[in-house]
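Enquirer: Structure for this input, please:
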Amino acid sequence: MPGPVLTPATRMGLSIALATGFYGISFGALAVAAGLDFWQTMALSLLMFTGGSQFAYIGVIGGGGTGAAALGAASLLGVRNAVYGVQVNRMLAPHGWRKWLAAQVTIDESAATALAQPEPDEQRRGFWVAGLGVFLLWNLFTALGALLGDAVGDPRSWGLDGAAVAAFIGLLWPRLRGREAVAVAVVCALATALALPWVPPGVPILVAACVAVVWGWLVSERG
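Expert: Model prediction:
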């Protein structure tokens, strides 16, 4: 009797979870290098659980900033998850305890994996496989990175600093099928690059999001 077949959404979710999970080694090592202990590092991964915000937090702490400044930077970068939450709630309509669990695992990877699927069932599979898979592996590898600490060396030498970026580009690329989608991506990338030297961590991605929202509004008005 044949075993269960992995659907495209499941395969995508598992591959994204693995790539992002390995990136947790980098976070764990960098968090300890920034002055956090093992349990503080794990608390960030288990409770905050949004990689960009976590890196923003330890970046400010490691640079000598205050806890309030670190929290502000992390919060700015985490605003995008609220937008994802609206989309996920409308798409999956979770109820009861699933709503709370869905809120915890609503991140870039789970939202993008779900939105990339054409069928409702595949959207659910993609969201839960990516979300729960990233949560499990991210925290496991964060613990490993925090325990190894300096033994890991420079995380960039392992290529871990680019794993999550590569995973997200892999999700984005198939969606760039029309001229308008490519144009929006290019304009948002330029807005982010221009904002980087002038604004605090976390703000450039919000600038890019505002550009995309304005673009969408102008297109809808024109239509």
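Enquirer: The host helix or strand of Pro204 - what's its average pLDDT?
Expert: Secondary-structure assignment from DSSP states H and E places Pro204 in helix 203-222. Averaging pLDDT along helix 203-222 gives 73.
Enquirer: Which other helices and strands does it contact?
Expert: Here helix 203-222 touches helix 67-92, helix 179-195, going by 3 or more CB pairs under 8 Å, 6 or more residues apart in numbering; DSSP states H and E. Where you see a C-beta, it was placed from the backbone N, CA and C, and this is true even at glycine.
Enquirer: deepest of these, which one?
Expert: Comparing the helices and strands packed on helix 203-222 on average neighbours per residue, with mean count of other CB atoms under 10 Å, the densest one is helix 67-92 at a mean of 16.
Enquirer: hang on, the earlier thing: how about the helices and strands packed on helix 203-222, which one is nearest Thr113?
Expert: helix 67-92 (10.9 Å; CB to CB).
Enquirer: Just the angle for the closest one relative to helix 203-222, thanks.
Expert: Orientation check (axes from the mean of the first three to the mean of the last three CA atoms, to 10 degrees): helix 67-92 against helix 203-222 gives 40 degrees.
Enquirer: Using PDB, list the CA coordinates for whatever helix or strand comes next after helix 67-92.
Expert: As assigned by DSSP H and E, the chain's next helix or strand after helix 67-92 is helix 97-104. Extracted as PDB, the C-alpha positions of helix 97-104 are listed here (Å, rounded to 0.1, in the frame of the first residue of the first chain):
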ATOM      1  CA  TRP A  97      -7.100  27.200  20.300                       C
ATOM      2  CA  ARG A  98      -6.000  27.100  16.700                       C
ATOM      3  CA  LYS A  99      -6.500  30.800  16.400                       C
ATOM      4  CA  TRP A 100      -3.900  31.300  19.200                       C
ATOM      5  CA  LEU A 101      -1.500  28.800  17.700                       C
ATOM      6  CA  ALA A 102      -1.900  30.400  14.300                       C
ATOM      7  CA  ALA A 103      -1.100  33.800  15.700                       C
ATOM      8  CA  GLN A 104       2.100  32.500  17.200                       C
END
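Enquirer: Gln123 is in contact with Arg90, isn't it?
Expert: No - taking contacts as CB atoms under 8 Å, Gln123 lies outside contact range of Arg90: 11.0 Å.
Enquirer: Please list the residues outside the helix holding Pro204 that contact it.
Expert: With contact meaning CB atoms under 8 Å, 6 or more residues apart in numbering, helix 203-222 is reached by 52, 76-77, 79-80, 83, 180, 184, 187-189, 191-193, 195-196, 199.
Enquirer: cutoff 6 Å now
Expert: Residues outside helix 203-222 that contact it (CB atoms under 6 Å, 6 or more residues apart in numbering) are Leu76, Val184, Val187, Cys188, Ala191, Thr192, Ala195, Leu196.
Enquirer: burial measure for the last one, as a count.
Expert: Okay, so that is Leu196. When counting by other CB atoms under 10 Å, one arrives at 12 neighbours for Leu196.
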